[in-house]
Every structure is written in structure tokens, then in C-alpha cells.
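Chemist: fold the following, please.
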Amino acid sequence: MRILFLTISLLLTTLGASFHISQSSFTRCSTNLKISNLFNNAPSAPKLPADVKEAVSKCRTAVQKGLENKLSRMDVEFPVGTKFGVEKTSANKKKGGKLASAMADQESNASGITKDVLETSDREVARLFVEMFQPVGGESISVVFSDDALQNLAAASWKGDPTASCRIMSITRGKKRKSTMKGMGGMGKQKKKKQDFAAKMNEEFSDESSGPFRLPDNCEVAIFVAPTAKDLIKIKQVCNDVGMGTLVILLNARLDLIEKSSENEDYFQDQFEKVFYLSVASQVAAPGCLMHRAYPSDWIVARKPNIGAPKTIATFESRPNEDDCKAAYDSIEIGDMEKGVENVLGNVASWLK
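Modeler: Purely as a prediction, here's the structure:
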């Protein structure tokens, strides 16, 4: 593994400038609750990042700390639809990135989070991680998307960028591309050449489109981008195949939202460290509250009032469960008027602009 952890740990300390934003496991058990003073937090207490640039910096530092501690299974989660400002568009040329809502209204989609926004956000954070790990060499970095369409979009977006050198892969191994081409059979009005049975079988079960997904033999860093529940089954097998010598990172897997499967849930909770997490807390237990963790710091529950920056209301040594979040929320006093006006969607969407 070319002494991966030592090498990357040393190299990441020099990447502050290159890992940038452009200007244009844990058992769900109760923990000892530490209620913070809302108006006088200790300087050393964990805090929410002030903006996207700081969030990315905290994430990079957390990954570096994980490497120093020889973690080879990491889980990273940013708010849904975060705009990192990496890909140049007319909308972000004049602005930096911003954190979008971490919780969209599925009926009205008031936050403006579309499928394209989600895919762009996931692709941008993947691009940042590819740049961060460039010192190990592009041939040693594999970025794996859920299907060929996402793979092709990334390849087109990163084409010609020397700081985005990596192997861009699809966990479906060409199946989606193949089915898409079948749907375009009428294009060009070319008559399809007849194939015998052996040729058809060879095409259907060729190495490109069949067999279990595998990482390249020389892969040292595998980054799985927004994997689905079905993808996680394959990722678990990949982890078993490559062993702990290969660094495996899940980006925006959102494991909490995936339908629970006792075997897979236990595996990913036990094997993957949440080195960076920034999302909403249980809104049933703690309305308007957020959760954050940057390894190896404690977890925090924070709340953003109508006016002012989010404030930490509690810290936990391990990930807080619903009861922990409720205890944190019940420990603060909130006026009835503020309770009635505030909503999570607006709260998170307006935060960190």
C-alpha cells in the first residue's frame, strides 16, 4: 500500500491551498449530555463551520486526522444540495459556494433542490476529494458513481483538468450504457447485423457488463459517490475483497435515510467512521436543530435562531440518538412566537450563505 497513511498524512498538511472552493460507529446509545452555555461557549468547544470554505477545510482536517490514526473506512456527509462553487456556471461565477438546505420539502421543493442540483453537489465534493488525494497519483484513485450517466458527466466535467486525475468508474459496469444504446436503435437508420447465438451470449456476458464490480488492482483510494442501498451491498463485498489496506470513503451515502437492513446497517455503522457530518438532527425530537461532527471532535447539536449564527446547545462523546437530541432541545428556552415562525427548511437554507 506504499505506506499510504504516513504518505498521505504528511502530504495533506501541504494541501491547504489546493483543496479549495473557487470564488466565482457507532452504537445508537445514550451518551452523557453536556449542555453548553448558549451565550458563552468555551473557546475549545466544537462549533458549526461559518461557511462552505470553512466546512471543506474542517472536512479536510478531519480526513487528515483519520489517516494519522490509520482509519481506512470513512463516511463523509454534507448537507443535501450543498453548492461548493467548483464547477463554473453563470450562477456561481460571482459567488462562492453556499450550503443549501439539508432537508428539502418533498412536496413543494421550496428549497430549489432538483435532481441536477443533487448530482452537481455530489460531483463537486467528489472533485474536491480527488484533488486532495492527488499526491498518491491519479492511477491509484478510483471515483465510483452509481451509474454510467453520472460517470460520464464527471468525466466530461473534469476532462483536461490535471488536478482531477483519477479513474472514473461506474459500479454498474456498463449495464446502463448498454440499455441506453438499445433505446436508440433507430438512430442513423442502420440495419443491425444479425448475430449468431454464441455472439449474442458473448455480448451479454462480456467482462464489461457482467460479473461483480471490482476496483483496479493498484487502487489505494476508493471514493464511492452517493451510493444507493443496492450499491452498498457491492461496496461491502469490495471492502472485504481489498482489505484494510485500501482507503474506502463514502461521500454523501446518507446511511440514515436508507431502508434499514440489520446486517448492512451494522456493518457500515461498525466499520465506517463518520469523519465529517453536517446535517439536521431529528426534527421530531429537536425541531430546527442541526448535528455536526468533525473527527476526532465530539458531536454537537446546534440551533439557529431567527437572527444570528447557529449556537451549540449540547455536545456528545458519541453520536446522539433521538432521546439525546430531545434532551438537548428541552434544555433551552424558546419563545412561543419563535417556535411558530421558525422552520427547518428556511433555517438551514439561509445559513452559511
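Chemist: can you give me the strands for the stretch 251-353 of the chain?
Modeler: 273-280, 289-294, 299-303, 311-316 (DSSP state E, counting those that start in this stretch).
Chemist: got TSV for those strands, with mean pLDDT and mean neighbour count too?
Modeler: No exception for glycine: its C-beta is placed from N, CA and C like everyone else's. Putting the strands of the stretch 251-353 of the chain into TSV (pLDDT from 0 to 100; neighbours: other C-beta atoms under 10 Å) gives the following:
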stretch	mean pLDDT	mean neighbour count
strand 273-280	96	21
strand 289-294	95	24
strand 299-303	94	24
strand 311-316	93	23
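Chemist: helix, strand or coil: sort out residue 216 for me.
Modeler: coil (DSSP: H, G, I helix; E, B strand; the rest coil).
Chemist: and it, what does it touch?
Modeler: When contacts are counted by C-beta atoms under 8 Å, 6 or more residues apart in numbering, residue 216 touches 139, 142, 167.
Chemist: on that earlier part again, residue 251: which of the strands of the stretch 251-353 of the chain is closest?
Modeler: Closest to residue 251 of the strands of the stretch 251-353 of the chain is strand 273-280 (C-beta to C-beta; 9.9 Å).
Chemist: partner strands of that closest one, with direction?
Modeler: Sheet pairing of strand 273-280 (DSSP bridges) gives strand 73-77 (parallel), strand 289-294 (antiparallel).
Chemist: of all the ones you listed, which one comes closest to residue 118?
Modeler: Closest to residue 118 of those, according to C-beta to C-beta: strand 73-77, at 13.3 Å.
Chemist: sorry, back to before: give the PyMOL command for selecting the buried subset of the contacts of residue 216.
Modeler: Filtering the contacts of residue 216 down to the buried ones (16 or more other C-beta atoms under 10 Å) takes a single PyMOL command:
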select buried, resi 142+167
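Chemist: format the contacts of residue 216 as CSV; extra columns: secondary structure, pLDDT and distance to residue 230.
Modeler: Shown next, in CSV, are the contacts of residue 216 (DSSP: H, G, I helix; E, B strand; the rest coil; pLDDT from 0 to 100; distance: C-beta to C-beta, whole Å):
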residue, secondary structure, pLDDT, distance to residue 230
139, helix, 96, 28
142, strand, 98, 19
167, strand, 97, 22
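Chemist: need the contacts of residue 216 in TSV (columns: distance to residue 235).
Modeler: Shown next, in TSV, are the contacts of residue 216 (distance: C-beta to C-beta, whole Å):
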residue	distance to residue 235
139	21
142	12
167	16
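Chemist: relative to residue 48, which of the contacts of residue 216 is nearest.
Modeler: Distances from residue 48 to the contacts of residue 216, taken by C-beta to C-beta, are shortest for residue 142, at 31.7 Å.
Chemist: mind putting the strands of the stretch 251-353 of the chain into JSON lines with distance to residue 118?
Modeler: Shown next, in JSON lines, are these (distance: least, C-beta to C-beta, whole Å):
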{"stretch": "strand 273-280", "distance to residue 118": "14"}
{"stretch": "strand 289-294", "distance to residue 118": "19"}
{"stretch": "strand 299-303", "distance to residue 118": "24"}
{"stretch": "strand 311-316", "distance to residue 118": "28"}
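Chemist: report the contact partners of residue 58.
Modeler: For residue 58, counting by C-beta under 8 Å, 6+ apart, the contacting residues are 49, 276, 294.
Chemist: can you give me the helices in the chain?
Modeler: Remark: helices assigned in the chain by DSSP state H are 4-12, 52-68, 115-132, 148-158, 175-182, 197-204, 229-242, 262-271, 322-330, 336-341, 344-349.
Chemist: if you average pLDDT over each of those helices, which is lowest?
Modeler: Lowest mean pLDDT within the helices of the chain: helix 175-182, a mean of 36.
Chemist: distance of residue 87 from residue 253?
Modeler: 22 Å (C-beta to C-beta, to the nearest Å).
Chemist: what does residue 85 give?
Modeler: 23 Å.
Chemist: coming back round to it: so which of the strands of the stretch 251-353 of the chain is nearest residue 218?
Modeler: strand 273-280 (24.3 Å).
Chemist: which residues touch residue 276?
Modeler: So residue 276 contacts 58, 59, 62, 63, 76, 77, 78, 293, 294, 295 (C-beta under 8 Å, 6+ apart).
Chemist: run the last query once more with 10 Å
Modeler: 49, 55-56, 58-63, 66, 74-78, 251, 292-295 (C-beta atoms under 10 Å, 6 or more residues apart in numbering).
Chemist: picking that back up, ok, residue 87 and residue 253, which is more surrounded?
Modeler: residue 253 (23 against 16; other C-beta atoms under 10 Å).
Chemist: dump the residue contacts of that one.
Modeler: 75-77, 224-229, 231-232, 235, 268, 272.
Chemist: what subset of those is buried?
Modeler: Buried among those (16+ other C-beta under 10 Å): 75, 76, 77, 224, 225, 226, 227, 231, 232, 235, 268, 272.
Chemist: so which of these is the closest to residue 322?
Modeler: residue 77 (17.9 Å).
Chemist: residues touching that closest one, list them.
Modeler: Residue 77 is in contact with 59, 102, 125, 250-256, 274-279, 291, 293, counting by C-beta under 10 Å, 6+ apart.
Chemist: now with 6 Å, please.
Modeler: Contacts for residue 77 (C-beta atoms under 6 Å, 6 or more residues apart in numbering) come out as 252, 277.
Chemist: hmm, who's touching stretch 230-239?
Modeler: 146, 171, 213, 224, 227, 248, 264, 267.
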